[in-house]
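J.: 3D, please:
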Amino acid sequence: MDALIYDGTLRLTHDRPLPQRSSGEAIIRTHLAGVCNTDIEITRGYMGFQGVLGHEFVGTVVEAENRAWIGRRVVGEINAACRVCAACRARRRPLPTAYHAWH
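T.: The predicted structure follows:
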């Protein structure tokens, strides 16, 4: 799969393995992905992040525990809550919710 990677160097790769779905997650076929200012700041050292950029996206659910989600168009959310740490338990981080684009 194609991916824009930042690991100290910004590069486009065409051989990233397809993701494996974990419990409570979905696999999304991305149609469009954007690069925002957060991604740009990451390349300048923000948060010490290294990995795949492009958290702003729209795509279609192709795999999910709840089969009602399959085929739905969805958009990405940068925040991922663990629901375990003190910040999540105090609701200082947004808990995951389902966002979907209009059909």
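J.: ends of stretch 56-72, how far apart?
T.: 17 Å (CA to CA, to the nearest Å).
J.: Rounded mean pLDDT for it, please.
T.: Regarding stretch 56-72, the rounded mean pLDDT is 93.
J.: ok, and what's touching that stretch?
T.: 21, 23-36, 73-76, 78, 98, 100-101, 103 (CB atoms under 8 Å, 6 or more residues apart in numbering). Placement of C-beta: from N, CA and C, glycine included.
J.: Next step: these restricted to strands.
T.: 26, 27, 28, 29, 30, 31, 32, 33, 34, 73, 74, 75 (DSSP state E).
J.: What is the three-state secondary structure of residue 38?
T.: Assigned by DSSP: H, G, I helix; E, B strand; the rest coil, the conformation of residue 38 is helix.
J.: Retrieve the pLDDT associated with it.
T.: pLDDT for residue 38: 89.
J.: Start the count at 41 instead of 1 going forward.
T.: Sure, I'll start counting at 41 from here, so that last one is residue 78.
J.: Distance check, it against residue 51.
T.: Relative to residue 51, residue 78 is positioned 18 Å away (CB to CB, to the nearest Å).
J.: okay, those two: which has more neighbours?
T.: residue 78 (14 against 10; other CB atoms under 10 Å).
J.: any idea how far the more buried one is from residue 113?
T.: Residue 78 is 23 Å from residue 113, by CB to CB.
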